[in-house]
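1. prediction below, plus the sequence it came from.
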Amino acid sequence: MHNPQLNDRGELTHLLSTEGLPRAILTQILDTAESFMEVSAREVKKVPLLRGKSVFNLFFENSTRTRTTFEIAAKRLSADVINLDIGRSSTAKGETLLDTIDNLCAMHASLFVVRHASSGAPYLIAEHLRRIGRDDIHVVNAGDGRHAHPTQGLLDMYTIRHYKKDFSNLRVAIVGDILHSRVARSDIHALTTLGVPEVRAIGPETLLPKHLDKLGVHVFHDMEAGLKDCDVVIMLRLQNERMNGALLPSAGEYFRHYGLTPQKLVLAKPDAIVMHPGPMNRGVEIHSAVADGPQAVILPQVTFGIAVRMAVMSIVAGN
Amino acid sequence: MHPNDTLPDAEAQCRQLAELIRPMLAKDPALVGIYSGGAWIAERLSELLGLDRETGLIDVSFYRDDFAEKGLHPQVKPTLIPFDVEGRHLILVDDVLYTGRTTRAAINELFDYGRPASVSLAVLADRGDRELPVAATWKVWDVALETKQNLVLEKQDDGQLAWRLENA
């Protein structure tokens, strides 16, 4: 089957999803990111790889943190970065997505970083570029709808490998609103491909997608049982807008059952790490004592995220 | 084509190279080996010269000038410079000096760590055909090869360094 992320030689030319990426490519991204970690520790935190290239940040949906880390990553690769305020520009005037893309191509774009509320928007752009013969322009998905957030998934894998050294003996739990989470989906595909033997999903029935077991995921509705002997606990943000619907009774109720407290965390392995993609809701999905505690690796995740995005951008731009 | 057994002994060449560098020790230099061959040679030189400072290791993938044609090398290793570059005399170490492009990239990378007092270049083999104005400060072996030939330094199972000649 044609994989739109890969070129004819099987190399990564767009990053759209962790799903369907071979293990060798995931590993190459993580290894390359390790080298970029070292660049960020230097006096001059910049390498000339993408000098003369233009990276367009197309955030059709807001995200300060993800956009900022992509911007820092692109600048450390010496690219020129253009942030488009899409909400207030052409789209608001009625221009279609692909017309916007054609215009940016005419401005000599080299790489699009795309965040969109609709699942599949980055695929649409990548397919369009292929159709018009612009295989010199690359797309990196920075989150599309409920579908995928591959750079977050990859930085989570980097974090796990950094602390746990290898994937082959791990028990990883993902906790919370998995139904609406593109991060969870990207994590699950990457964890499975990298050979993690046991991936668990913990959450209320209303926030877990059906058929998770088909992805090889073990489902738990009871958090205590689900956390038992885990090596890695990935907490997901509870999106406030879900609270108003019929999916959840209240934030307090949710915290009682699925909030990560120090008392619940002791059920995991003593050296378990706690991750969170941010932004955190303290007192909703995570207790402050855990978020600020010795097992949390939430801020290192942010630092690793820059190196991972540098790796992704430099790999796709070279292929 | 040369059969491999007529190629010189790389370990003996390392010892010769160490003797060429020895007079420089008065300046308290630091070694920086270019992955992978140069890194092995730098380790040898450090032992032979009794240097107590850690050896630097450099991977020039992020500074190469052929990124546009070839993309990023699939196996980049982290550059490690475990000392302050500022004001130090550096000895860049590589196995083969050829076009000079790798040396150019390595010098650029080193300057992103600070302003060294000087940079010298030590190589085992110089195969000529330079494309940039680069010259070795010390070299052991001048070798003329055809363009399609590739001279590779290998680390054997017993840890010994040896040359191999490949035909592309």
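-> Cool, the structure landed.
2. find the nearest non-adjacent residue to the closest residue to chain B within the stretch 51-200 of chain A, please.
-> Nearest to chain B, among the residues of the stretch 51-200 of chain A, is residue A:77, at 8.4 Å (CB to the nearest CB). For glycine as for every other residue, the C-beta is placed from the backbone atoms N, C-alpha and C. Counting by CB to CB, 6 or more residues apart in numbering or on different chains, residue A:50 is the residue found nearest to residue A:77 once chain neighbours are left out, at 4.0 Å.
3. quick one, helices of chain B?
-> For chain B, the helices defined by DSSP state H occupy B:10-21, B:37-49, B:67-70, B:101-111.
4. nope, the stretch 201-319 of chain A is what I meant
-> Secondary structure of the stretch 201-319 of chain A (DSSP state H, counting those that start in this stretch): helices located at A:223-227, A:240-244, A:251-258, A:262-265, A:288-291, A:298-318.
5. most tightly surrounded among those?
-> helix A:298-318 (a mean of 23; mean count of other CB atoms under 10 Å in any protein chain shown).
6. tell me what it is packed against?
-> Helix A:298-318 sits against helix A:23-39, helix A:64-76, strand A:111-116, strand A:138-144, helix A:150-164, strand A:273-275, with contacts defined as 3 or more CB pairs under 8 Å, 6 or more residues apart in numbering or on different chains; DSSP states H and E.
7. low-confidence bits of the chain, can you list those?
-> I went with chain A, as the question did not name one. Within chain A, the stretches with pLDDT under 70 are A:1, A:87-92, A:241-246.
8. ah, I was thinking of chain B
-> Those would be B:1-5, if you go by pLDDT under 70 across chain B.
9. and the residue of it nearest chain A?
-> residue B:71 (2.8 Å).
10. so who does residue 105 touch?
-> Using chain A. A:129, A:132, A:134, A:137 (CB atoms under 8 Å, 6 or more residues apart in numbering or on different chains).
11. not quite, I wanted chain B
-> Going by CB under 8 Å, 6+ apart, residue B:105 touches B:60, B:63, B:64, B:65.
12. need the helices of chain B in TSV with distance to residue A:231, can you?
-> Listed next are the helices of chain B as TSV, based on distance: least, CB to CB, whole Å:
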stretch	distance to residue A:231
helix B:10-21	44
helix B:37-49	34
helix B:67-70	38
helix B:101-111	37
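13. for chain B, what are the nearby residues on chain A?
-> Counting by CB under 8 Å from any CB of the partner chain, the residues of chain A close to chain B are A:11, A:28, A:31-32, A:34-35, A:37-39, A:42-44, A:46-49, A:314-315, A:317-319.
14. what's the ChimeraX syntax to select whichever of those are buried?
-> In ChimeraX, a selection of the buried entries from those looks like this (16 or more other CB atoms under 10 Å in any protein chain shown):
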select /A:11,28,31,32,34,35,37,38,39,42,47,48,49,314,315,317,318,319
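15. quick one: contacts for the residue of the stretch 51-200 of chain A closest to chain B?
-> By CB under 8 Å, 6+ apart, the neighbours of residue A:77 are A:46, A:47, A:49, A:50, A:310, A:313, A:314.
16. near chain A, from the contacts of residue B:105?
-> Counting by CB under 8 Å from any CB, residue B:63 from the contacts of residue B:105 sit close to chain A.
17. I figured residue A:233 hits residue A:271, correct?
-> No: the pair residue A:233 / residue A:271 is not scored as a contact, 11.7 Å apart, by CB atoms under 8 Å.
18. which one's more surrounded, those two?
-> Taking other CB atoms under 10 Å in any protein chain shown, residue A:233 and residue A:271 do not tie; residue A:233 has more neighbours (29 against 9).
19. quick one: the nearest residue to residue A:213 once chain neighbours are set aside and chain B, what's the gap?
-> Sequence neighbours aside, residue A:219 is the residue nearest to residue A:213 in space, at 6.4 Å (criterion: CB to CB, 6+ apart). From residue A:219 across to chain B, the span is 37 Å (CB to the nearest CB, to the nearest Å).
20. my guess is residue A:219 contacts residue A:209. True?
-> No: in this structure residue A:219 lies outside contact range of residue A:209 using CB under 8 Å: 9.7 Å.
21. and residue B:125, how close does it get to residue B:147?
-> Distance, residue B:125 to residue B:147, by CB to CB, to the nearest Å: 16 Å.
22. does residue B:84 touch residue B:115 like I think?
-> No: using CB under 8 Å as the test, residue B:84 is too far from residue B:115 to be in contact (10.7 Å).
23. list the buried residues for stretch B:36-44?
-> Along stretch B:36-44, these residues count as buried under the neighbour rule (16+ other CB under 10 Å): B:36, B:37, B:38, B:39, B:40, B:41, B:42, B:43, B:44.
24. again but with stretch B:63-78, I slipped
-> B:63, B:64, B:65, B:67, B:71, B:72, B:73, B:76, B:77, B:78.
25. can you check stretch A:182-191 too?
-> Using 16+ other CB under 10 Å as the burial criterion, the residues of stretch A:182-191 that qualify are A:182, A:183, A:184, A:185, A:186, A:187, A:188, A:189, A:190, A:191.
26. residues in contact with that stretch?
-> Applying CB under 8 Å, 6+ apart, the external contacts of stretch A:182-191 come out as A:17-21, A:26, A:143-150, A:152-154, A:156-157, A:167, A:172, A:174, A:176, A:178, A:199, A:201, A:215, A:217, A:234, A:236, A:277.
27. quick one: it to chain centroid distance?
-> Between the mean C-alpha location of stretch A:182-191 and the chain-wide mean there is a distance of 8 Å, by CA atoms, centre = their mean, to the nearest Å.
28. identify the residue nearest residue B:42 in space, chain neighbours excluded?
-> Distances taken as CB to CB, 6+ apart put residue B:33 closest to residue B:42, at 2.9 Å, once the chain neighbours are dropped.
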